[in-house]
Structure formats: structure tokens, C-alpha cells
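Participant: Based on what follows, work out the 3D shape:
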Amino acid sequence: MATIKDVAKLANVSTATVSRVLNSNGYVNEKTKERVEKAIRELDYLPNDVARNLFKGRSKMIALFVPDIMNPFFPELARAVEDVTRDHGYTFILCNTDDDIHKEIAYLNALQQKSVDGIIIVSSTITTSSIQKIKVPVIALDRIVSSDLPSITVNNRDGAREAVRYLQAIGCKQIAHISGPEEVSNTALRMQGYLDEVKNEHWFKPSYIQQGEYNPDRAMEETKKLLTKHPEIDGIFVANDLMGVGVLKAAKALHIKVPDDLSVISFDGIALGEMITPSLTTMAQPIYDLGARAAEMLIKRIKNPNQKIINEEIEVELIVRESTRARS
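Facilitator: Next up is the predicted model:
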């Protein structure tokens, strides 16, 4: 493998001159520059990224932390972050954390040692003390992580309220909720939106709320228990689309017809919800826009670290499909 000394020798210049050409730093006359570039091509020389990073004080790398790469929501999000970071000349790194604080800290330490320029984080477990130790710009995505971090989320509570109101509008009389993990901020907001609409209804029971952990298998099992105990339920608001699939499987196992006997509406708008049968009515997040906006916010913050903290909230959109019955 060719070295910078080999390039300098072939071009008949000093290694400092080769370095100036590689880093576009300092004056090099045009003929000398052409000679160096020709030597680089002839030798197939690849610059040492670590050395260049130390010289420039940056790596042109941006990392995205997600809690579960198996959840289709996060690959869609990651695609947007990757597109925007690539367009701005950054290398994109995807870190799957399993919402494990130990994995998150290990990734943070490793990335900062490699001079990562910034981090976008989706987390329910990262601590304030860990955030304070991060020396590069950080943007929270999908969930509020800390009041000290800029964030980009959707209007989870209002979106949940709209979902429940839609079930009521199509004639559902007793509406249940399959929630996500209790430690996740958007879980709490979506549950609160549900409660805003039903807590004062005469039929409401606390047992109408069951936790599905954002896991389709867990959601399926909890829904089976729920509908067996409360056969009167005719509508379910599910906290994400992945669990919505589990709810549909539970209804099928119990021979409950969707949407004739049970209407199901979920939250997220992932592509999977449109492909299954029946397709899921959902409160769709603009997933690509969320990821793209987070990347744009981070790049601006890398260039200007002293920007004030901004918390942006984007609206969700009701998309009606086959899992809810038509308005009467």
C-alpha cells in the first residue's frame, strides 16, 4: 500500500506539500498540484483518514442511534438521515442500541474517540449525566430525551386524540388502547391523548389499557386477553403500527371480524401497514421528513454549536384504510 512518502518521492516534492494538496490547506502552485495529483492516481494512494481527522479536527461522520432496527419505522427514518448527511458530504453510521444504556455509552465512547461530528439519538434510556459528557452536537429524534437537547418529534398527544375521535365518529362505543413501553415519552403522550377522549365516558375501565411494549407478539397476546375479558370492545387505538399487526392477528385468532366487529387504528404510517390485510388505518408520521429535518438540524448545529435549543413538533395525518369500518 502506497504511503504519503511514496507520493512525495514520485512527485519530487516534500510530504508537507502532498499534505497541503490533500487537505486543500495552504498555497501550492498549479503545476506542482497537478504533479502531486498525478502521483496519487498512479500509486492509487488512499489518505489516512485518522491523520486527516486529527489535522482537521473533524471526521465528517454523523451517527444515528435507534433502539430496534427490526422495527420498520427505524429503517425508514435512517434512510432519510443517510440521504441528507450524504448530500452534505458526511459519512453515515447506524447504531442499534436495543434501548440498552450500556450499549449506548459504549457507542458514545467509541464514536467520540473517532471524532464523530454529531449524533442523532432515539432513546428512552440515555441519562442526563451521559448526555452532558457528550462533546459533540446531539439531536433527539422521535422522543424527548432531555430539555437540554434540541428535538424533532410529532404531535403525539393530539394525534392520539384524533385517532380516538375518528373511532367514535364511525360508531365505536367502547374503545380500548394497546400502549407502548411506559418509559418511552411518546407512549405516555399517546396514552394521554387516548385518556383525554375516554376517561370521562361511563363505559371506560382502566383494564381497557394494556401494554404491548411496541412488540407485535406481545401486543397480540395482550389483545387476546383484552378481548376475551371485554368482548364488548368494538374499537382499539394501538400506539404503533407494528403492534397494530399483532392486534389484527389476535382478532383473527379469536374469529373477530375486522372491521365489521372491531375497528383498529394505529400510529406511525410505516409501509408495512399498507401491505397487510386488512390494511391498517393509521395516524401517519411523516417519517422521511422527520429524519431529514433531524439531519438538517444537526448539520446546522455542527456548523454553529451555539445555536439556541429548538424543539420542533410536526403534525401527523389520518390515513383511512381497511381496518376501520366506514362512517355510518
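Participant: Report the distance from the helix or strand containing residue 93 to the chain centre.
Facilitator: Secondary structure assignment for residue 93, by DSSP states H and E: strand 91-96. How far strand 91-96 lies from its chain's middle: 12 Å, per CA atoms, centre = their mean, to the nearest Å.
Participant: which other residues reach it?
Facilitator: 59-69, 78, 81-82, 85-86, 107, 111, 116 (CB atoms under 8 Å, 6 or more residues apart in numbering). Placement of C-beta: from N, CA and C, glycine included.
Participant: can you tell me which of the residues you listed are in strands?
Facilitator: 61, 62, 63, 64, 65, 66 (DSSP state E).
Participant: In CSV: those, plus neighbour count.
Facilitator: Listed next are the ones in strands among the contacts of strand 91-96 as CSV, based on neighbours: other CB atoms under 10 Å:
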residue, neighbour count
61, 20
62, 28
63, 27
64, 26
65, 25
66, 25
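Participant: Check those for the minimum pLDDT and say which it is.
Facilitator: Note: of these, the lowest pLDDT belongs to residue 61, at 94.
Participant: Quick check: it vs residue 196, distance?
Facilitator: To residue 196, residue 61 is 42 Å away according to CB to CB, to the nearest Å.
Participant: same check, this time on residue 120
Facilitator: Taken as CB to CB, the span from residue 120 to residue 196 is 30 Å.
Participant: quick revisit: quick one: strands adjacent to the strand holding residue 93?
Facilitator: strand 61-66 (parallel) (DSSP bridges).
Participant: Which of residue 120 and residue 196 has more residues huddled nearby?
Facilitator: residue 120 (26 against 15; other CB atoms under 10 Å).
Participant: Isn't the more buried one up against residue 74?
Facilitator: No - using CB atoms under 8 Å, residue 120 is not in contact with residue 74; the gap is 11.5 Å.
Participant: count of neighbours near residue 270?
Facilitator: With other CB under 10 Å as criterion, residue 270 counts 26.
Participant: how about it, what does it touch?
Facilitator: Per CB under 8 Å, 6+ apart, neighbours of residue 270: 72, 73, 76, 241, 242, 287.
Participant: of these, closest to residue 30?
Facilitator: The closest of those to residue 30 turns out to be residue 76 (CB to CB; 46.7 Å).
Participant: contacting residues for residue 262?
Facilitator: Residue 262 makes contacts with 227, 233, 234, 235, 236, 251, 256, as judged by CB under 8 Å, 6+ apart.
Participant: Pick out the one among those residues with the largest number of neighbours.
Facilitator: Neighbour-wise, the contacts of residue 262 (other CB under 10 Å) top out at residue 236, 30 neighbours.
Participant: that's a strand at that one, yeah?
Facilitator: Yes - membership of residue 236 in a strand is supported by DSSP: H, G, I helix; E, B strand; the rest coil.
Participant: That one contacts residue 179, correct?
Facilitator: No - counting by CB under 8 Å, residue 179 is not a contact partner of residue 236; they are 11.1 Å apart.
Participant: Residue 166 contacts residue 318, correct?
Facilitator: Yes - with contact defined as CB under 8 Å, residue 166 reaches residue 318; the gap is 6.2 Å.
Participant: Spit out the residues that contact the two alike.
Facilitator: residue 281.
Participant: Looking at the two, which has the bigger crowd around it?
Facilitator: A count of neighbours by other CB under 10 Å puts residue 166 above the other of residue 166 and residue 318, at 20 against 16.
Participant: and the nearest residue to residue 171 once chain neighbours are set aside, how many neighbours does it have?
Facilitator: Using CB to CB, 6 or more residues apart in numbering and skipping the chain neighbours, the partner closest in space to residue 171 is residue 328 (5.2 Å). Using other CB under 10 Å, residue 328 is surrounded by 6 other residues.
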